[in-house]
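Chemist: Turn this into a structure:
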Amino acid sequence: MRKSTIPLRVRSGDGNVPSAGTSRRSNGNRLSSGNRMSAGGSSGFGRRSTVGFVTKKRPSSGYGRHYGHPEHMKDPRPTSDKAYKEESIRMLIEFLSEKGYPHPISSKNLHSPQSRDFYRMFEFLYSFAEPNYKVGPKPEEEIPMIFKQLGYPFTISKSNMFTIGSPHTWPILLAALRFLLKSIKFACQLDLDQVLFPAKDDEFEAVPESKLTFNYVEQAYGEFLSGSDNFDALEEQLSAQLRVNTSGMRGGLEHLASENVRLSQELESLENEPDRLAELRQKTQILASDEQRFSSYLIDLDSHKRQQEGRYREVEEEHQALELEYQAILERNKQMKHKLETQELSSSDVERINMTRLELQRQTQGMEREINGLDSQVWDLEMNVGKIQQNTEAKCLEYNKTAQMLKLIPPSAENAHGRDYEMRPDFGNSRSGAIDFIGSIKPALLQMKKQCNENVHEAETRKITEIESLDQITEMVNDKKDEVAMLDSKLKRVESELECKKEVNSHEFQKVQTEMDSVQMETAELKKKREDSKREIQELTVKLKEAQKESELKKIEMANEKNNYNTFLFEATKLVVDHKTKIQAGIQKLHQEAKEHCEETERQYQQYVEESREMRKHHGLPPPESDST
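Modeler: Predicted coordinates for the structure are as follows:
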């Protein structure tokens, strides 16, 4: 008698009779009793579960199946609607980006993709159903057949596969990719154990009896196909598992008592633990502050990401142009090879080809030398940019010192009038608070220049007024000198007349004594006037010398002040022009640094992906879902 109740070796549905020595098949294709495809194994997305949307032997019931003569179903979905296409493209981009799609993808490319992009997307998506899947040499026949096997209810013709990016074909294929994407998401969320072996109300956390029975039948049938007829060990294992589900791990109250003691001890240890509320509140505050900092950091990263995405789009367009050029070169190379293979060469043709080859080699060597020279020039330019940056910082420092000497820095200085004239070197830090020179500093300097010109004009006006006053005083002094000279001549004439009268009229002295007294009095008065005139002349002379001295000092002071203002304006204008030149050079350097930073970011990302894979492999974890391709 056979101990096993499993039927004898039976013929499968495809007519093949397995032999006794046939090796055990994998879970995905292992035969079970009744010609049933086994879906055993643990659930989870990492195992690439195919339940629900991949059944190569058995299509889904009713969905997409036609009896008799099949007719083409009309797609009720608005595949040509712009909003529907945008939503489908957004779903594809989100899923592919989340799962680590290894090729560049953008919304612009998905509006009219090339055949290569469509094959890559389909290969990546279908690899979730069939790991290590690669598109075959005839995708125009293979892909529609796969969709038909998946139960896609609408027909994809071979002509559609030849015009993938055309406006009338791409919406149909985009809708098919959306169907495949939804099927994959449904399979990822599906739990096989809950579907195949639902737990009963009285089983609680125990393994369902239906699952235990299925595992027993699966293992016994596998050994049966291997040629074994003894299943005592499997039956004892099944009996032990059923006893555990029925009576517990040890089958009685002893296990419940020990479990009760363990839970009591755990409860007591939890009650004796100190209150962690204060610590958790402190951690909450720290986390809140960290959240604010990370929010600002994420905002900066978002702006940086947008810049990098714009740069990435430019590089992608350039890459596509180079790819087209590369394809054209390959096509031309094929044509030239075909022409070379089909044409008959003479000795002169061979000699000419050899000469052409030597000439091309010489040109290649020349181009390599030119490339090396360009590399050295790039290095020299980078060194010059660094020196220019240092000179810019030195010039800014010199300008700030000069502005401090002129009382323009800080804004509270005497000549600043509340305006910030300080120059801060800014080499790409847009958040450093750099001052707009054209809109702020230059108008202020022009205003200051205008004010200085007005002050110089006022000083010149005062100088002219002082000169006119000096001329008036000089004219008055000359008039006084003429008046004094006239009085001297009059005095001399009077004295001579007096002497004459004394000599001629000596005998009339007594007679003219009275007249003589009056003449003496007049003479005394004239002498007094002369002394007063001399004193006035002396005072006016002193005033004239003081006015001349003061005028000379003011003239020298005005000339020095004018020279200082002219020197300051010249230096400030020169510094402004130099600063503008250095800023433009710094901007060019910043563009180069942004390009290098983009390349460094890409390299770090690739290094991070490789390290993540090595770490998962080292810890024995399953590879991430994006590594399936």
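
Chemist: And the closest residue to residue 490 other than its chain neighbours, how far from residue 480?
Modeler: Of all residues not flanking residue 490 in the chain, residue 526 sits nearest, at 7.6 Å (Cβ to Cβ, 6 or more residues apart in numbering). Quick note: C-beta positions are derived from backbone N, CA and C, even for glycine. The gap separating residue 526 from residue 480 is 16 Å, by Cβ to Cβ, to the nearest Å.

Chemist: With residue 449 instead?
Modeler: Residue 449 sits 47 Å away from residue 480, going by Cβ to Cβ.

Chemist: Also residue 290?
Modeler: Here residue 290 is placed at a distance of 93 Å from residue 480 (Cβ to Cβ).

Chemist: which is the next helix or strand following the host helix or strand of residue 387?
Modeler: Here residue 387 sits within helix 347-405, counting by DSSP states H and E. Downstream of helix 347-405, the next assigned helix or strand under DSSP H and E is helix 442-504.

Chemist: which strands and helices sit next to that next one?
Modeler: The helices and strands touching helix 442-504, judged by 3 or more Cβ pairs under 8 Å, 6 or more residues apart in numbering; DSSP states H and E, are helix 513-618.

Chemist: quick check: angle from the helix it packs on to helix 442-504?
Modeler: Inter-element angle recorded for helix 513-618 and helix 442-504: 170 degrees (by axes from the mean of the first three to the mean of the last three Cα atoms, to 10 degrees).

Chemist: Can you name every helix or strand that helix 513-618 contacts?
Modeler: Judged by 3+ Cβ pairs under 8 Å, 6+ apart, helix 513-618 is in contact with helix 277-342, helix 347-405, helix 442-504.

Chemist: Quick one: mean pLDDT over the longest one.
Modeler: The reference is to helix 277-342. Averaging pLDDT along helix 277-342 gives 87.

Chemist: Now do that helix: distance to the chain's middle.
Modeler: Centroid separation for helix 277-342 versus its chain: 10 Å, with Cα atoms, centre = their mean, to the nearest Å.

Chemist: Please work out the angle formed by the directions of that helix and helix 513-618.
Modeler: Going by the same axes, to 10 degrees, helix 277-342 makes 80 degrees with helix 513-618.

Chemist: tell me what helix 277-342 is packed against?
Modeler: helix 513-618.

Chemist: Next: the shortest one.
Modeler: Counting by 3+ Cβ pairs under 8 Å, 6+ apart, the packing neighbours recorded for helix 347-405 are helix 513-618.

Chemist: tell me the angle of the helix it packs on relative to helix 347-405?
Modeler: Between the axes of helix 513-618 and helix 347-405, defined by the same axes, to 10 degrees, the angle is 130 degrees.

Chemist: Give me the buried positions along the strand or helix carrying residue 223.
Modeler: Applying DSSP H and E as the criterion places residue 223 in helix 209-225. By 16 or more other Cβ atoms under 10 Å, the buried positions in helix 209-225 come out as 209, 211-212, 214-225.

Chemist: Give me the buried positions along the next helix or strand after that helix.
Modeler: Downstream of helix 209-225, the next assigned helix or strand under DSSP H and E is helix 232-247. Counting neighbours by 16+ other Cβ under 10 Å, one finds that the buried residues in helix 232-247 are 234, 238, 241, 242, 245.

Chemist: if I look at the last one, how far off is residue 239?
Modeler: The reference is to residue 245. 11 Å.
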